[in-house]
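Chemist: this is a predicted model, with the sequence first.
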Amino acid sequence: MIKIYDTLRAKKVKFEPLQEEGQVKIYVCGPTVYDSAHLGHGRSAVSFDVIRRYFIYKGYEVKYVSNYTDIDDKMINRAKEEGITVPELSSIVIPIYEKDYAALGVMIPDVQPRATEHIDEMIELIKKLEKAGFTYPLDDGVYYDVSKFPAYGKLSKQKLEDLRMGARVEVKDDKKNPYDFVLWKFKKEGEPFWPSPWGDGRPGWHIECSAMSFKHLGEAFDIHGGGLDLAFPHHECEIAQSEPVFGPGSFAKYWLHNGFINVDNEKMSKSLGNFFTLKEIFEKYDPQVVRFMFLQTHYRNPVNFSHVLLDQAKAGLERIHNFISRLQQQYLTNKIVNAKSKKLSSRCKNFFSKFESAMDDDFNTSSALDALFAYIFGLNMYFLTEKHSNDDANFAYDSLMRIDSVLGVIFPQKEVSIIDAEIQTLITEREEARKNKDFKKSDEIRDELLKKGIVLDDTPQGTVWKKL
């Protein structure tokens, strides 16, 4: 049973799929692509990548959507500074994110929508809000009237009178309420614009994710995720935009937020001069070390970043990789032939139990890594002191491959590529076919994966894969 900490309920709750058993729909707010990816982006991407992977590991069919915001004030201002158009800016920056996220071992989303590709959906959503009486026009755009939605503040646990102005909430004297937010901005000279019933312009930031999640996941889905800084106002506004249109209980059932990146106990920010891009970090540290560093801290807790923390992560990861090297170069080539040890099987079963117990508890990667180190220590002692066969070594290898389908750090990236979404989808489909005793389809999928250079091995702990 997976338990997750739901920000809306402010407690851990049992995860229960919203619709069909065995299916999970996840939407994670992606970056605004006006500048290179920084550590905060990487932390969020890795956190939800592991969550996605663990649901797949548990046998769920996952649909994972994460967007790019490619039109907003930051995009427009940066494009002007660079003397290029907004589309040109996004065409430069998005590949940087793709490269950095791939280096971190982050699986490609099943759907990766861009805001500019969903303007029609945003306009339709605003029209429905207008019809329901939640909007009003001003000289610069169409606004959402927060006073019409009494539940506003339920996610961030804030009262309207206590809301902080200026926290990504535009200050404007003629708004009905100071916390009202813009849905549609009328065009200004030199800015990108699209036609709408209210006049030429562009969408506000908050309406984007409401429209894109509805387009790709429907009126209601299981999990909405993002950084803690998005809980207010962004996610609060998404709820306010969606529930009046789709009804109470629609939109996201669970809300998950990853913690901040702190530097010397202060939140990382450009204004404080403690800002690090992923590219800068990758120049000194292997991206897999950075991923491992993120996993050492529970995703909801802040990471107090320092180069000492990275050095510690590097040392810890080397311990794991050194064992993998011995496993591949020594233990897998052992010529002793005997039946697989019951002791090894028992040790493996105990490890899987501890690993899954940690991950079932709100995806506690810190405890999962503790279990992994204990397992590797036990395996190493076993191979050094006990007679063992190739079967033993293969058994250990397969068990670690199975776990690495979640963690993505056990095997060096230069030796094994992170499995992509397409291949994982095929594996999930095959497992479903086997459950339904559709062995013809199961064999067809196995053959298809073999053509892609992926060999499957059905173990008692589940299906594991290897590259040819």
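Modeler: Sure, I can see it.

Chemist: so how far is the first residue of stretch 11-19 from its last?
Modeler: 22 Å (CA to CA, to the nearest Å).

Chemist: ok, then the element right after the host helix or strand of residue 122?
Modeler: Remark: residue 122 resides in helix 119-131, with elements defined by DSSP states H and E. Remark: after helix 119-131, the chain's next helix or strand is strand 135-138, criterion DSSP H and E.

Chemist: what about that following strand, average pLDDT?
Modeler: When pLDDT is averaged along strand 135-138, the result is 97.

Chemist: just the residues contacting that strand, thanks.
Modeler: Strand 135-138 has contacts (CB atoms under 8 Å, 6 or more residues apart in numbering) with 126, 129, 142, 143, 144, 145, 172, 174, 175, 176, 183, 198. Any C-beta I mention is one placed from the backbone N, CA and C, and that applies to glycine too.

Chemist: what comes up buried for that strand?
Modeler: Buried residues in strand 135-138, counted by 16 or more other CB atoms under 10 Å: residue 135.

Chemist: outline the domain layout of the protein.
Modeler: The chain breaks down by automatic domain parsing into domains covering 3-258, 307-467.

Chemist: where is the longest helix in the protein?
Modeler: helix 307-329 (DSSP state H).

Chemist: how about the helix or strand that that one is followed by: buried residues?
Modeler: Downstream of helix 307-329, the first helix or strand assigned by DSSP H and E is helix 342-360. Neighbour counts over helix 342-360 (16+ other CB under 10 Å) mark 344, 347, 348, 351, 352, 354, 355, 356, 358, 359, 360 as buried.

Chemist: keeping just the C-alphas, turn helix 342-360 into CSV.
Modeler: Taking C-alpha atoms only, helix 342-360 is exported to CSV below (Å, rounded to 0.1, in the frame of the first residue of the first chain):
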residue,chain,number,x,y,z
LYS,A,342,18.8,-20.1,0.0
LYS,A,343,20.7,-17.6,2.1
LEU,A,344,21.1,-15.3,-0.9
SER,A,345,17.4,-15.6,-1.8
SER,A,346,16.4,-14.8,1.8
ARG,A,347,18.7,-11.8,1.9
CYS,A,348,17.2,-10.5,-1.4
LYS,A,349,13.7,-11.0,-0.2
ASN,A,350,14.4,-9.1,3.0
PHE,A,351,16.0,-6.2,1.0
PHE,A,352,13.0,-5.9,-1.4
SER,A,353,10.7,-5.8,1.7
LYS,A,354,12.7,-2.9,3.2
PHE,A,355,13.1,-1.1,-0.1
GLU,A,356,9.3,-1.2,-0.8
SER,A,357,8.4,-0.3,2.8
ALA,A,358,10.5,2.8,2.4
MET,A,359,9.1,3.8,-0.9
ASP,A,360,5.6,3.0,0.1
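
Chemist: what's it in contact with?
Modeler: So helix 342-360 is in contact with 1-3, 54, 364-368, 370-372, 374-375, 378-379, 382, 386, 388, 392, 395-396, 399, 403, 406, 461, going by CB under 8 Å, 6+ apart.

Chemist: between the buried residues of helix 342-360, which is nearest residue 194?
Modeler: Distance to residue 194 across the buried residues of helix 342-360 (CB to CB) is lowest for residue 359, with 43.4 Å.

Chemist: quick check, pLDDT for the closest one.
Modeler: Residue 359 is given a pLDDT of 98.

Chemist: look up how far residue 105 lies from it.
Modeler: 17 Å (CB to CB, to the nearest Å).

Chemist: again, but for residue 247
Modeler: For residue 247, the distance to residue 105 - CB to CB - is 39 Å.

Chemist: the more surrounded of the two?
Modeler: A count of neighbours by other CB atoms under 10 Å puts residue 105 above the other of residue 247 and residue 105, at 24 against 11.

Chemist: contacts only, for that one.
Modeler: Residue 105 sits next to 46, 49, 287, 288, 291, 408, 409, 413, 418 when contact means CB under 8 Å, 6+ apart.

Chemist: can you list these in CSV and add secondary structure, distance to residue 116 and pLDDT?
Modeler: Formatted as CSV, the contacts of residue 105 follow (DSSP: H, G, I helix; E, B strand; the rest coil; distance: CB to CB, whole Å; pLDDT from 0 to 100):
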residue, secondary structure, distance to residue 116, pLDDT
46, helix, 27, 98
49, helix, 25, 98
287, helix, 29, 96
288, helix, 33, 97
291, helix, 30, 98
408, coil, 31, 96
409, coil, 35, 96
413, coil, 33, 76
418, coil, 29, 42
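
Chemist: which of those sits closest to residue 22?
Modeler: residue 49 (20.4 Å).

Chemist: model confidence score at residue 417, please.
Modeler: Value for residue 417, per-residue pLDDT: 46.

Chemist: return the longest helix of the chain as CSV; C-alpha atoms alone will do.
Modeler: Taking Å, rounded to 0.1, in the frame of the first residue of the first chain, the C-alpha atoms of helix 307-329 are listed here in CSV:
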residue,chain,number,x,y,z
HIS,A,307,29.9,21.1,-2.6
VAL,A,308,30.6,19.1,0.5
LEU,A,309,27.2,17.5,0.0
LEU,A,310,28.1,16.7,-3.6
ASP,A,311,31.4,15.3,-2.5
GLN,A,312,29.6,13.0,0.0
ALA,A,313,27.2,11.9,-2.7
LYS,A,314,30.1,11.2,-5.0
ALA,A,315,31.8,9.0,-2.4
GLY,A,316,28.6,7.1,-1.7
LEU,A,317,27.8,6.5,-5.3
GLU,A,318,31.4,5.3,-5.9
ARG,A,319,30.8,2.6,-3.2
ILE,A,320,27.8,1.4,-5.2
HIS,A,321,29.5,1.5,-8.5
ASN,A,322,32.7,-0.3,-7.2
PHE,A,323,30.5,-3.2,-6.1
ILE,A,324,28.8,-3.3,-9.5
SER,A,325,32.2,-3.4,-11.1
ARG,A,326,33.3,-6.4,-8.9
LEU,A,327,30.0,-8.1,-9.6
GLN,A,328,30.5,-7.8,-13.3
GLN,A,329,34.2,-8.5,-13.5
